[in-house]
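Asks: Predicted model and sequence below, questions to follow.
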Amino acid sequence: MFEQLVGKLPVGIGIVDESFKVVYLNDFFLDRLPHNMRDCYKETPVVELFQGQGKFLKRRLKSVFVLQHPSFSYWEQRPHIFPFKSSRPITGEETQMYQNMEILPIKDKKTGQKLACIFLQDVTAQASYFRAQQKLSEALKKEHEAQRKLIRKLDTAQSQLIQAEKMASTGQLAAGIAHEINNPIGFVSANLNTLGQYATHLIAICDGVQGQIEHFTDELKEQVDALFESNHYDLLKDDITELIAESTDGLTRVKDIVENLKNFSLETTEGVQIVDICAVCHQLITLISAQYSTPQYKFECEYEKVEVMGNPGPLKQALMNVMINAAQAIEGKGFIKLTVIESPKTVTIKILDSGCGIPTKHLKRVFEPFFTTKPEGQGQGLGLSVAYTAIEQHQGKISISSKEAKGTVVEITIPKQPAAQPPSSEDNEENKENEAENSQTA
């Protein structure tokens, strides 16, 4: 009766031995096996029966056998360990099963054999409810932001007037923070490198001892074997190099982001100076991809360095605003391609995205201050206006061509060496109106 009860429980119960071969499966597991394997599943490795995340499952089982401690895995961490489906109670719709898994160490009282018991719980309904709550929370947050729309629009009028001062202060703050973060990154990176070398030497020593163990006396051999087993050498050897490598990769990623943040936000008081457009674009892609990871980013340029005379602060801000707009226009998969084209007197920067595009009726207004097509509370409508002003100050041109549901191309052209006398404010206003009309026709 007990075996029948366990077999019918609405949770998965499976038992495997130290070689990861299946000893027992209840109906929860059996019902999800192919028909031709339901009567011959025993003595088959569990990772062959259920080909989900086999490497992860094997590591957890090995940890339970070695440490003799339970192991837990929740759906937020690993949602689909076993490749099972789950049916909705009302609609019957099948979806990938979200699972909580617990592995407990047990022993056969008669033989003393070590075993592991896998408990698997279908938490698809709870996960769906949790995600629905998250969406509801996001909707409430957006509604709250929309309620503050009027206050924010009043603030933007003032924020545009002090934009230059704010950018300078923000750049200095970001550069200072980046410098402070680089100090601990430096010694942690050095320590990790040394730790990796130590680990390699220690593993080599232990492997050498294991290689010579057959020459030891029986008593010494037994002591050495016991020492390796009690300290779980096999588990440590498998994990330590991988852990150090993952930590080093993560630290390198942080270092690159911080370095690019420092270089990108660094402001000078010298005004017009030589600016390497290629270096700025590389820094920009690194920073944007850290915040918006979904699009694929591609940079193309025939030269390693393309220099212009300009003010780096406004140029960086203009490119940043255009790139952020491109990233935000992409939902799900997509790409952003940034191309730098050099001619004898000018440099052209093209930013192409595969986003939602801009309706034709809006193209003539994209450079107007406070104009935005984003939902209320999600944009102030200053990004492209600030970009236009910055490019205009460098005697350049910016234009936009776009097709709905196809994507957008922003083309920025600036002279390598600005003219001695910049255009008058009246000419600038006329150029801006002409540029808006050209962007509509494009």
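Replies: Alright, I've got the coordinates.
Asks: all helices for the stretch 201-350 of the chain, in order.
Replies: 218-230, 233-265, 277-291, 312-328 (DSSP state H, counting those that start in this stretch).
Asks: Out of those, which one sits most buried?
Replies: Ranked by mean neighbour count under mean count of other C-beta atoms under 10 Å, these are led by helix 312-328, which reaches a mean of 22. All C-beta spots, glycine's among them, are computed from the backbone N, C-alpha and C.
Asks: Which strands or helices does that one pack on?
Replies: helix 163-211, strand 273-276, helix 277-291, strand 335-342, strand 346-353, helix 383-393, strand 407-415 (3 or more C-beta pairs under 8 Å, 6 or more residues apart in numbering; DSSP states H and E).
Asks: picking up where we left off before, can I get the helices of the stretch 201-350 of the chain in JSON lines with mean pLDDT and distance to Ala419?
Replies: Compiled in JSON lines, the helices of the stretch 201-350 of the chain are given as follows (pLDDT from 0 to 100; distance: least, C-beta to C-beta, whole Å):
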{"stretch": "helix 218-230", "mean pLDDT": "85", "distance to Ala419": "77"}
{"stretch": "helix 233-265", "mean pLDDT": "78", "distance to Ala419": "28"}
{"stretch": "helix 277-291", "mean pLDDT": "87", "distance to Ala419": "19"}
{"stretch": "helix 312-328", "mean pLDDT": "88", "distance to Ala419": "17"}
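Asks: out of the ones you listed, which comes closest to Gln395?
Replies: Distance to Gln395, taken as C-beta to C-beta, is lowest for helix 312-328 among the helices of the stretch 201-350 of the chain, at 12.3 Å.
Asks: ok, now how distant is the residue lying closest to Leu195 once chain neighbours are set aside from Thr360?
Replies: In space, and not counting its chain neighbours, Leu195 is closest to Ile244: 6.2 Å by C-beta to C-beta, 6 or more residues apart in numbering. Between Ile244 and Thr360 the computed distance is 55 Å (C-beta to C-beta, to the nearest Å).
Asks: Asn325 too?
Replies: On the measure of C-beta to C-beta, Asn325 and Thr360 end up 17 Å apart.
Asks: buried ones in stretch 357-366?
Replies: For stretch 357-366, a neighbour-count test (16 or more other C-beta atoms under 10 Å) marks Gly357, Ile358, Leu363, Lys364, Arg365, Val366 as buried.
Asks: again, but for stretch 404-415
Replies: Neighbour-count burial for stretch 404-415 [16+ other C-beta under 10 Å]: Gly407, Thr408, Val409, Val410, Glu411, Ile412, Thr413, Ile414, Pro415.
Asks: Next: stretch 73-91.
Replies: For stretch 73-91, burial by neighbour count (16+ other C-beta under 10 Å) applies to Ser73, Trp75, Arg78, Pro79, Ile81, Phe82, Phe84, Ser86.
Asks: Of these, which is the nearest to Lys333?
Replies: Pro79 (20.2 Å).
Asks: thinking again about what came up before, which of the buried residues of stretch 73-91 sits closest to Lys255?
Replies: Taking the buried residues of stretch 73-91 together and measuring to Lys255 by C-beta to C-beta, the closest member is Arg78, at 28.8 Å.
Asks: Show me which pair in the buried residues of stretch 404-415 is furthest apart.
Replies: Pairwise over the buried residues of stretch 404-415, using C-beta to C-beta, the maximum falls at Gly407 and Pro415, 27.7 Å.
Asks: rewinding a little: is it true that the residue nearest to Leu195 touches Ala199?
Replies: Yes. Taking contacts as C-beta atoms under 8 Å, Ile244 lies within contact range of Ala199: 6.2 Å.
Asks: what secondary structure does Phe370 sit in?
Replies: Following DSSP: H, G, I helix; E, B strand; the rest coil, we place Phe370 in the coil state.
Asks: which one is Val306 nearest to, not counting chain neighbours?
Replies: That would be Ile277: by C-beta to C-beta, 6+ apart, it lies 4.6 Å from Val306.
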